[in-house]
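Novice: Just need the structure, nothing else, for what follows:
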Amino acid sequence: MKFYWDHAVMFFSIEYWPDPQRGIKEAYRVLKLGGKACLIGPVYPTFWLSRFFADVWMLFPKEEEYIEWFEKAGFKDVQLKRIGPKWYRGVRRHGLIMGCSVTGVKPASGDSPLQLGPKAEDVSKPINPLTFLLRFILGTMAATYYVLVPIYMWLKDQIVPEGQPI
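Specialist: A predicted model of the protein is given here:
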């Protein structure tokens, strides 16, 4: 017996997926005809230091990539909406990563029309300990950065008058 769903929600997990297109294709597969998928995830930053840490740490897709992935998977009525905390004020010159919500509707029964080859993953090579250590240190620095920047922006919001960009 097969089960299909009215909605598929993917919430701030895409940055950990090794192959995002496969995950979106799978969401298409499990939906009923007319079902809606919603993916909420981070957006690629604009500030150089934020971009550096984003590239080192994990996947931060561009808004255009989210839309492209949904359309390639077969979704129709694809829409993207930017999301962020109340204090964000919509300015991205500081490179703070805000998120977006992408939705799409499954227009036809069956699997996604997207054809992907077999999943290729090479786990036979041993990990270089020095490379691992460097990535661990940079990842820890990135995680710290992405905790401190929102705190800084929240504090700045408390000081800068309403209506002014922060």
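Novice: Tell me who's in contact with S109.
Specialist: Residues in contact with S109 (Cβ atoms under 8 Å, 6 or more residues apart in numbering) are L33. No exception for glycine: its C-beta is placed from N, CA and C like everyone else's.
Novice: pretty sure it is in a strand, no?
Specialist: No: the assignment for S109, made by DSSP: H, G, I helix; E, B strand; the rest coil, is coil rather than a strand.
Novice: For S101, see how far away it is.
Specialist: S109 sits 25 Å away from S101, taking Cβ to Cβ, to the nearest Å as the criterion.
Novice: same thing with P126?
Specialist: Separation of P126 from S101 (Cβ to Cβ) stands at 40 Å.
Novice: Repeat that for P118.
Specialist: 31 Å.
Novice: The two - which one has more neighbours?
Specialist: S101 (16 against 5; other Cβ atoms under 10 Å).
Novice: Settle this for me: that one is touching F70, isn't it.
Specialist: No: assessed by Cβ atoms under 8 Å, S101 is found out of contact with F70, at 11.6 Å.
Novice: Could you pull out the residues contacting both of those two?
Specialist: L39.
Novice: Below-threshold pLDDT in this protein: ranges please.
Specialist: Applying pLDDT under 70 to the chain flags the ranges 1, 88-97, 121-122, 166.
Novice: now the strands for this structure?
Specialist: Assigned by DSSP state E, the strands in the chain fall at 5-11, 31-42, 76-83, 99-105.
Novice: orientation of the second one relative to strand 76-83 in degrees?
Specialist: Computed with axes from the mean of the first three to the mean of the last three Cα atoms, to 10 degrees, the direction of strand 31-42 lies at 30 degrees from that of strand 76-83.
Novice: How about the contacts made by P42?
Specialist: Residues in contact with P42 (Cβ under 8 Å, 6+ apart) are F12, E15, A54, F60, P61, I97, M98, G99.
Novice: Now list the buried members of the residues you listed.
Specialist: A54, F60, P61, I97, G99 (16 or more other Cβ atoms under 10 Å).
Novice: All set now, cheers.
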